[in-house]
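Following is a predicted model, sequence given first.
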Amino acid sequence: MAPMGIRLSPLGVAVFCLLGLGVLYHLYSGFLAGRFSLFGLGGEPGGGGAAGPAAAADGGTVDLREMLAVSVLAAVRGGDEVRRVRESNVLHEKSKGKTREGAEDKMTSGDVLSNRKMFYLLKTAFPNVQINTEEHVDAADQEVILWDRKIPEDILKEIATPKEVPAESVTVWIDPLDATQEYTEDLRKYVTTMVCVAVNGKPVLGVIHKPFSEYTAWAMVDGGSNVKARTSYNEKTPRIVVSRSHSGMVKQVALQTFGNQTTIIPAGGAGYKVLALLDVPDKSQEKADLYIHVTYIKKWDICAGNAILKALGGHMTTLSGEEISYTGSDGIEGGLLASIRMNHQALVRKLPDLEKTGHK
Ligand SMILES: Nc1ncnc2c1ncn2[C@@H]1O[C@H](COP(=O)(O)O)[C@@H](OP(=O)(O)O)[C@H]1O
Ligand SMILES: [Mg+2]
């Protein structure tokens, strides 16, 4: 008998306890699910650093699988603008100034309109993440572009579960029109739109879209991809793809390192040059074994390619073999070496020290 004359039925107490347990389970299961997926992506549950739970508590988490779906959509929508402007033949070409080497740094309506679509699509879907983009975003010309929250089948097939990371650990890099120089010359095959997502500075997912052949390559590190490496590469006398409009001394460096038998393929666009290393079905795509760049370059030009190569087991580093961190400053100074299915460190050792040889 309970105090005050109230009798507790044992069955009632048991039901009450079960209900309580159910509520506790419901509250904690979401929290634990988030925790476990952070483990898979190198987050640090239990404290410290931007990837820790403090960051998650501030800006919440984002699902990288959803970010991939929106990145693909953004690259395609941006690409539609790029194609539309090119086909109109009214490019409104302008110069943003000169590169360090004195080349014109061009911008067109294709760059601006693609940038607007890509930026606002990603910003509307993921308001809490840092987005760095090549072109200026005009706040007076905002556009809310809603994502229908559908993840395409090919992504769902490759990546079965969500991958949550703290929003504060993410940096997105957008290149709304890569190979602008070639775009103005109507060399359409070189043109791409690109999105990259870095987590704690590491490139984790990349999208490279070719608007004129409507081909899209995407990949996520430890996730999946819709593109793969070729079966063989020539490591001894590689075909080397290099810049045609920002080349610096790259040909001399390549020939000095690999000998005169080596074929040099001048091409526009960093996105195009990474695709040259992969098994890409697009007929307009040339194939190469290595990508080398020696002049200054910006992170939106290279992050997506770096993520895709990394996801497929390849490498993109500076010419001295350092990994590139995709946070902070926009540019990198140490040139680029991109390879796949090769001994990347052995290639780095073969290359001359550009500071010493004056080949920069
Ligand atoms: N020295 C340099 N300074 C600034 N940007 C450079 C550069 N070298 C290459 N880039 C940029 O990197 C991209 C690929 O270059 P390339 O076609 O010469 O290989 C181009 O991007 P955008 O077309 O997006 O501006 C180009 O402008
Ligand atoms: Mg670019």
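Right, received. Where do you want to start? Ligands and ions are numbered 1, 2, ... in the order given.

need the contact list for the nearest residue to residue 281 once chain neighbours are set aside.
Nearest residue to residue 281 in three dimensions, chain neighbours excluded: residue 215, at 7.2 Å (CB to CB, 6 or more residues apart in numbering). For every residue, glycine as well, the C-beta is placed using N, CA and C. When contacts are counted by CB atoms under 8 Å, 6 or more residues apart in numbering, residue 215 touches 209, 280, 281, 282, 285.

And residue 215, how far from residue 145?
As judged by CB to CB, to the nearest Å, residue 215 and residue 145 stand 23 Å apart.

Same check on residue 327?
In terms of CB to CB, residue 327 sits 26 Å off from residue 145.

Let's see which of the contacts of residue 215 end up in strands.
residue 209 (DSSP state E).

What subset of the contacts of residue 215 is buried?
With burial judged by 16 or more other CB atoms under 10 Å, the buried subset of these is 209, 280, 285.

pLDDT value on the first one, please?
When you say that, I think you mean residue 209. Per-residue pLDDT puts residue 209 at 98.

now residue 139
86.

what's the answer for residue 298, then?
The model's pLDDT for residue 298 equals 97.

The residue nearest to the spatial centre of the chain: what's its closest spatial neighbour, skipping adjacent residues?
In the chain, the centroid-proximal residue (CA atoms, centre = their mean) is residue 196; its distance is 1.8 Å. Counting by CB to CB, 6+ apart, residue 303 is the residue found nearest to residue 196 once chain neighbours are left out, at 3.4 Å.

quick one, phi psi at the one you found?
Main-chain torsions, residue 303, degrees, to the nearest 10: phi -60, psi -40.

you'd agree it is up against residue 325?
No - using CB atoms under 8 Å, residue 303 makes no contact with residue 325, being 10.3 Å away.

if you count what's nearby, which of those two comes out ahead?
Set residue 303 next to residue 325 and count neighbours by other CB atoms under 10 Å: residue 303 wins out with 29 against 15.

Just give me the neighbour total for residue 327.
17.

okay, the residue nearest to residue 281: pLDDT?
Note on residue 215: pLDDT of 98.

do the same with residue 37
pLDDT recorded at residue 37 is 36.

Kindly report the same for residue 29.
40.

again, but for residue 101
Residue 101 is given a pLDDT of 90.

how about the nearest residue to it, chain neighbours excluded?
residue 295 (5.8 Å).

Wait, that neighbour touches residue 242, no?
No - counting by CB under 8 Å, residue 295 does not reach residue 242; the two are 10.5 Å apart.

Which of these two has more residues huddled nearby?
residue 242 (22 against 18).

Beta-bridge partners for the more buried one, please?
Residue 242 forms beta bridges with residue 266, as assigned by DSSP bridges.

Give me every residue in the stretch 251-360 of the chain lying close to ligand 2.
Counting by CB under 5 Å from the ion, the positions of the stretch 251-360 of the chain adjacent to ligand 2 are residue 301.
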